[in-house]
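*Asks:* Output the structure for:
(2 chains)
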2 protein chains.
Amino acid sequence: MNINNLRDIVGNDWVITKRDQMESYLVDETAPAVRPKPAENVIVVKPANSQEISAILKLANKDKSPVFIRGGGTGLCAGAMPIIDSTVLSMERLDKVIEVDKDNLMVVVEAGVTLEKMLKAVEDAGLFFPPHPGDEGAQVGGLVACNAGGARAVKYGVIRNYVKGLEVILPNGEIVNLGGKLLKNNQGLDLLQLIIHSEGILGVISKVIFRLYPKVSSSGTMIITYDNRHNAMESVPMILRSGVMPLAIEYMDRTVIETSAEYLGMQWPATQGIAYLMVILTGANDDEVYLQAEQVSNICTECKSTDILIAERKDEQSAILKMRSEIYSAMKDKTADILDVTVPPNSVGVIMDRVDDIARYFDTTIPMYGHAGDGNFHPHLMNDLRDKGKVREVKREIYKEAIKLGGVITGEHGIGVIRISELDLCLETKPWELMRGIKNVFDPNNILNPGVAIL
Amino acid sequence: MNINNLRDIVGNDWVITKRDQMESYLVDETAPAVRPKPAENVIVVKPANSQEISAILKLANKDKSPVFIRGGGTGLCAGAMPIIDSTVLSMERLDKVIEVDKDNLMVVVEAGVTLEKMLKAVEDAGLFFPPHPGDEGAQVGGLVACNAGGARAVKYGVIRNYVKGLEVILPNGEIVNLGGKLLKNNQGLDLLQLIIHSEGILGVISKVIFRLYPKVSSSGTMIITYDNRHNAMESVPMILRSGVMPLAIEYMDRTVIETSAEYLGMQWPATQGIAYLMVILTGANDDEVYLQAEQVSNICTECKSTDILIAERKDEQSAILKMRSEIYSAMKDKTADILDVTVPPNSVGVIMDRVDDIARYFDTTIPMYGHAGDGNFHPHLMNDLRDKGKVREVKREIYKEAIKLGGVITGEHGIGVIRISELDLCLETKPWELMRGIKNVFDPNNILNPGVAIL
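*Replies:* All right, here's what the predicted structure looks like:
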């Protein structure tokens, strides 16, 4: 796009053309071994508001010039990387928490607000936003665009379940409002649901209304240790069927969580076992949480757990969540690719066994952890596979096993750029044809995130 | 369509051409005063499975011949009525509960299964499907097509939140599978979410996978009586903010619920007050429910409730839910139109006051009840307004007030046919243009439910 036109819209200070000033806008958190190369000719533009975004998109649409939308850059599938010569539209200046509405239990935020900032505003108002998709540097627009999941999705679901209203700027510059502070809304086809997890290909999310919950009066985080993974995985469906509804049920190999603890200079509280479950319980009062913890303890003991720890203090619980959330950061340097396969919840144990078989066959180690309660887990393919040139082969073997079990190749990270070449494994072709048709309705000139999310 | 071709597909017995044998397929539960007239030339066809539906749609698509999809016929917006000469595709023979999967907490059903049949299968398996959209004669395909809501949506949301997988037959006859027994799924644009509440215009839903929950070990239904509506409505946001998360918070005028009780030959348990809340509480055990009931009682007492009853026996609770669910059936004969406006939850009291003002202005009575916890309620315009020719004027006044408060004209019933002519009130035009674009991607020959759901 014409740089002077962009400067006219946002002001001189907010257009970056020098490469050394834009390095941090060119990559995201995707593991370097599978990350594409950013394009050579990139402009970074930083609009202040929806009107400026609208003006930029009008210009881009007229020129048929590609635009990549940039949130917090915490994505894991290169979905925000400028992979062709283009303009990077950074959302960072749309960083206002517009309103925490205590009466309706909703928060209204600009899309560039970080998760950290929103969580703080919500907490300051005495309310609660349950999901925790990991890196708090993520921006809320990105959370919506990739329908983030994370650990605390068992009880109330993924980000999708919290999004009640959106302001979206279409590729032609039109600003549309979808939904509102509403818990029920059947007014036409649900475009809001379509924008959620559109990975930036249909429009620019500029404002979000999330549903909130009352602050939980009481919570507890359990760590349950096992001498083998099978016993741990066996406990999960039993917990889910028991009537207790935890906020989170996480599984992790001992080596994985200890790597994270060491990276953070922290101490993982459990000392026994090699396989761990982390269960977060919430309730209206301590009694409710105790009752739940007792039920969970009984189930896990029956499944041969070796030790059960319960953290009740807020700082202890935060420390445990922190160690869990930073696993990827801790392992990133040694990771060639992080997978995100999801299977029916009861098949997590089965697919993990198959991943072990695959690891043995390829003479490697594949550390595993994930959201056991959701059937979503993250095998890490390590750098030895990169060195042997086997990353793609191993990945495809794992994907095939997941699909055989009725699973998908991504549960929460998204397709982005790095999974486009594996979509041939997802057999039906018609859905992808429909997606391309929808993309064409929203973005006939294909200017928004071209090459991302759909074939 | 050519009747012989249809007979070749489904067999002679399953094609109805005689008008007197198809009367029940021509209308739904929409109030007669606002219901359109069914078309003169209609064929009813009853396929046995997805393959037959596929064959019928291929034929229809080739002939560019309209098809209206028929579920349980319990809809309230004429969304399933053949309003032009066409074929009615009845789903009634796809009535198999394929599987209740206890390990994954999912149920797999053909689309023609009734809510009643599915609830029974789920209960027999010791599991729980929380939402209860009212009439149990509804078919599950219809529940998904209209994203049904109902009373028990406060805690875990509307039908959308439960749908995890769909088999859909596209207008060209292609059968596609979306989602699966999965709690997380970010594989491409979410077509499954788009099909939910597509009111039959994008494809025929032939199979559904719903998420289930463990059977609640304990539940209680509270009836709280008030001497005026304001005190009742004031209690609702206070309950929602308290940390208690009821399955349902319903509001009803005394006259409304007594009409339903009388219609059913039952006895409404409360005798005091003129305005009622019904609160359903669930928990892992009786203690949990008692603790919640105590909190709710304290709040309601603070808001000047006059009496609080708690039903604990299952039959008592079912009776209360039955009386609530059948309100519309009881009032139908005297009802000219039932509205379905939804506003931000905290504005329900405000909009109800405005409806009262409008009623006074038009010298009528507008009985009200609804899902107070969801901001969704149902004013009934009675036959006196029909006789005065004022139904549309009153309706539009109420819609305008709802929209001013950030609301929508339908929260759970849908657009169907009867709300098409009021879409001018929903100001933005671009979303409707996008919806038409999407319809065209799925159904370029406009054969499925033409004239329904979008302008």
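*Asks:* so what's the backbone phi/psi at the closest residue to A:Arg241 other than its chain neighbours?
*Replies:* Distance criterion Cβ to Cβ, 6 or more residues apart in numbering or on different chains; nearest residue to A:Arg241, sequence neighbours excluded, is B:Pro214 at 5.3 Å. The C-beta positions use only the backbone N, C-alpha and C, and glycine is treated the same way. The phi/psi pair for B:Pro214 (degrees, to the nearest 10) reads phi -60, psi 150.
*Asks:* What count of nearby residues applies to B:Pro214?
*Replies:* As a burial measure, the neighbour count of B:Pro214 was computed by other Cβ atoms under 10 Å in any protein chain shown and equals 18.
*Asks:* Pretty sure A:Asp443 sits against A:Val204.
*Replies:* No. Applying Cβ atoms under 8 Å as the test, A:Asp443 and A:Val204 come out as separate, 10.8 Å apart.
*Asks:* okay, these two: which has more neighbours?
*Replies:* When neighbours are counted by other Cβ under 10 Å, A:Val204 comes out ahead of the other of A:Asp443 and A:Val204, with 29 against 21.
*Asks:* Show the pLDDT at the closest residue to that one other than its chain neighbours.
*Replies:* Among residues not flanking A:Val204 along the chain, A:Ile169 sits closest, at 4.4 Å (Cβ to Cβ, 6+ apart). Per-residue confidence for A:Ile169 comes out at a pLDDT of 98.
*Asks:* any idea how far A:Ile43 is from A:Ile169?
*Replies:* The gap separating A:Ile169 from A:Ile43 is 18 Å, by Cβ to Cβ, to the nearest Å.
*Asks:* same check, this time on A:Met106
*Replies:* From A:Met106 to A:Ile43 the distance is 36 Å (Cβ to Cβ).
*Asks:* Neighbour count: these two, which is higher?
*Replies:* Shown here are A:Met106 and A:Ile43; by other Cβ under 10 Å, A:Met106 has more neighbours (24 against 20).
*Asks:* Provide a list of residues in contact with that one.
*Replies:* Contacts for A:Met106 were tallied using Cβ atoms under 8 Å, 6 or more residues apart in numbering or on different chains; they are A:99, A:164-165, A:181, A:209-212, B:344.
*Asks:* Please determine how far it is located from B:Lys155.
*Replies:* If you measure A:Met106 against B:Lys155 using Cβ to Cβ, the figure is 17 Å.
*Asks:* what about A:Leu178, which helix or strand?
*Replies:* Counting by DSSP states H and E, the element that carries A:Leu178 is strand A:175-179.
*Asks:* Show me what the next helix-or-strand element following that strand is packed up against.
*Replies:* Moving toward the C-terminus from strand A:175-179, the first helix or strand encountered (DSSP H and E) is helix A:191-195. Counting by 3 or more Cβ pairs under 8 Å, 6 or more residues apart in numbering or on different chains; DSSP states H and E, the packing neighbours recorded for helix A:191-195 are strand A:163-169, strand A:175-179, helix B:191-195, helix B:430-442.
*Asks:* Count residues in the vicinity of A:Ala270, would you?
*Replies:* For A:Ala270, the tally of surrounding residues (other Cβ under 10 Å) stands at 18.
*Asks:* okay, it: pLDDT?
*Replies:* pLDDT, A:Ala270: 95.
*Asks:* Would you confirm that it contacts A:Tyr276?
*Replies:* Yes. Look at A:Ala270 against A:Tyr276 with Cβ under 8 Å: they come within range, at 6.2 Å.
*Asks:* Overlap in contacts, those two.
*Replies:* Taking Cβ under 8 Å, 6+ apart as the criterion, A:Ala270 and A:Tyr276 both touch A:223, A:225.
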